[in-house]
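Peer 1: fold the stuff below for me.
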Amino acid sequence: MSHVTGTRRSVVGERWPIFWAGCAAISLGVLLHLPMLAMAHSMGNHLSGMPMDGWMYLGMALIGVGVPAALYGALPKTRPDPRAGADIVFEASNDTPLTRTHAAVIVVLTLGLVIDTMKPATLGFVLPGLRLEYGMERSTAALLPFVALCGTTVGSFLWGWLADVYGRRVSILLSTILFVSTSICGAMPSYEWNLVMCFLMGCSAGGMLPVVYALLAEVMPPRHRSWVLVLVGGTGLVGGYLAASGAARLLEPSYGWRSLWLQGFPTGLLLLAMARWIPESPRFLLVRGLQEELAMMTRRFGIARRHLPVGGSPELAQHGNQTRLTLSLVVTALSWSFVNFGLLLWLPSDLRDRGFSAELASGIIASSALVALPTILLAALLYSRWSSKRTLIGTILLTFIGLAGALLPAPILSDPPVLIAVIALLVIGTNGLIAVLLPYAAESYAMSVRGRATGLIAGSSKFGGVAVQLGAFTGLIATLGGAAIALIVPVGLSAVMVARAGRETHGRSLQELEAEI
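Peer 2: Numbers count the residues shown, from 1 in each chain. Prediction:
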């Protein structure tokens, strides 16, 4: 086998021709939806009530065949033994420098998170146009973010499990495949088909986050691990939100809300094309018997094999301290999801209902998100140089302050500078919180359950939003002030729980952290 062929197989498994054939079928299927979108552009970008044409049906059939084919081609022929190598930790020494190989991984995974975050972040900008085209009430439109959030919750759990069973890279590929295939959501004429595609889109979006954090924790040198995790996560999340708001301002006025979904097609293909720079976690190369690839991977990343001391346990939440830690992180994730999906998701619609134009509403969100970028850099610095635990608590408190600001009297809060400042605090706090929370979870659990544990926290960060949208069906639509009243107590409680149950991960190797579990 040549080096090139071996590398390609390592990227997508032993059945790579089937994988790429499936990807080709998915791509052609998406392209066959474009004629109907082009026709809709000449009619005000409206497709509601129109029957699907033959090309669209053919495209859906190709996607229906291509997705399982690509999934089958990506998975290894045999399921790895989860117990194999459980007493081994692969980790670089503390003085290992960052190389071009590390830089390539950082760039690709950051891009992956930006692309991944764009889809759920787009929901808030899609809802006003969707409501107008279908002529529905806000409570009915709430079904779209509800099914999307259900999908992200399911995806976080599912892909976290897949990452622990089949490997990190395989899970990222599977998430990307589904991401590309659901870009046809905007071409669906009926609201029901929009819901189906939005659920599947949510599954793909929910799967990327926990796996990226788990993989980065395992391939980065200990000295650089903390700041890389926070910087990649924060940049990806803020970048995705900026990309979604920017696309809304650029595309929606001319091409309608449906065009916002289609951007997932070229961006997803770009991520697939860059998959060769995404490494596999060393342990999965070991259990699959890929010794040559393992040797090459450990050499390129400066990783050494180490054994856990006798008594180290890889089981999730086996001890009381681990149980309390898991509970505190779940409560924190739930609190974040109520703020992010229950408040910020509906914020563009809320601002428009209060008299702000669509362009100004999107501009306020985008301007506030810009302020979050330097905050992410500060969070990465504090997380890696000061304290991981205290930085997490600090981001929770920042969100708490933003909620307190939302409780200001209405005449004061209606002043644009004050409103922008409050929204900026919420955007900064929530982005900083999620940027720190998942890296902290990835560092706090053993490798054999790291994907599932991080997936549990990631899934919890979506589940609260599901509950909020259930309330929206009864007309309980979140507003800035009303949401702040309901959320300020659980956010404050989460800070107390993390302070009591969290442990410090700053400056500590994965071997040391796993030995304590």
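Peer 1: stretch 375-389: which residues count as buried?
Peer 2: For stretch 375-389, a neighbour-count test (16 or more other Cβ atoms under 10 Å) marks 375-376, 378-380, 382-384, 387-389 as buried. Yep, even glycine has a C-beta here, placed from its N, CA and C like the rest.
Peer 1: if you skip the residues just before and after it, what's nearest to the residue most central in space within the chain?
Peer 2: In the chain, the centroid-proximal residue (Cα atoms, centre = their mean) is L209; its distance is 3.9 Å. Distances taken as Cβ to Cβ, 6 or more residues apart in numbering place A458 nearest to L209, at 5.0 Å, with adjacent residues excluded.
Peer 1: give me the pLDDT value at the one you found.
Peer 2: pLDDT for A458: 86.
Peer 1: ok, now S10?
Peer 2: If you check S10, the pLDDT there is 47.
Peer 1: please apply the same query to G492.
Peer 2: Among the per-residue scores, G492 holds a pLDDT of 90.
Peer 1: repeat that for W261.
Peer 2: On the pLDDT scale, W261 is placed at 81.
Peer 1: can you tell me the helix or strand for it?
Peer 2: Using DSSP states H and E, W261 sits within helix 259-262.
Peer 1: and M50, how many neighbours?
Peer 2: 13 (other Cβ atoms under 10 Å).
Peer 1: assign a three-state SS to it, would you?
Peer 2: Classification of M50 by DSSP: H, G, I helix; E, B strand; the rest coil places it in coil.
Peer 1: give me the pLDDT for it.
Peer 2: On pLDDT, M50 comes in at 73.
Peer 1: which non-adjacent residue is nearest it?
Peer 2: Using Cβ to Cβ, 6+ apart and skipping the chain neighbours, the partner closest in space to M50 is P189 (4.6 Å).
Peer 1: and the one you found, what does it touch?
Peer 2: Residues in contact with P189, defined by Cβ atoms under 8 Å, 6 or more residues apart in numbering, are 36, 47-52.
Peer 1: what do you get for G402?
Peer 2: Going by Cβ under 8 Å, 6+ apart, G402 touches 422-423, 425-426, 428-429.
Peer 1: give the contact list for A421.
Peer 2: For A421, the contact set (Cβ under 8 Å, 6+ apart) comprises G405.
Peer 1: now swap in L62 and tell me
Peer 2: L62 neighbours (Cβ under 8 Å, 6+ apart): 25-26, 28-29, 32.
Peer 1: could you redo the last one with a cut-off of 10 Å?
Peer 2: Residues counted as contacts of L62 (Cβ atoms under 10 Å, 6 or more residues apart in numbering) are 22, 24-32, 181.
Peer 1: same question for L487.
Peer 2: With contact taken as Cβ under 10 Å, 6+ apart, L487 is in contact with 335-336, 338-339, 342-343, 399-400, 403, 406, 464, 468, 478.
Peer 1: narrow those residues to those in strands?
Peer 2: Judged by DSSP state E, the contacts of L487 include no members of strands.
Peer 1: give me the lowest-pLDDT entry from those residues.
Peer 2: Lowest pLDDT among the contacts of L487: A478, with 58.
Peer 1: helices along the stretch 101-250 of the chain, start to end?
Peer 2: 138-141, 143-165, 168-181, 191-219, 222-255 (DSSP state H, counting those that start in this stretch).
Peer 1: any chance of the ones you listed in TSV, plus distance to A484?
Peer 2: Shown next, in TSV, are these (distance: least, Cβ to Cβ, whole Å):
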stretch	distance to A484
helix 138-141	19
helix 143-165	20
helix 168-181	33
helix 191-219	26
helix 222-255	20
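Peer 1: turn those into TSV, columns for distance to A501 and mean pLDDT.
Peer 2: Shown next, in TSV, are those (distance: least, Cβ to Cβ, whole Å; pLDDT from 0 to 100):
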stretch	distance to A501	mean pLDDT
helix 138-141	38	74
helix 143-165	21	85
helix 168-181	27	87
helix 191-219	20	85
helix 222-255	20	82
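Peer 1: closest to D116 out of these?
Peer 2: Across the helices of the stretch 101-250 of the chain, D116 has its closest neighbour in helix 191-219 (4.0 Å, Cβ to Cβ).
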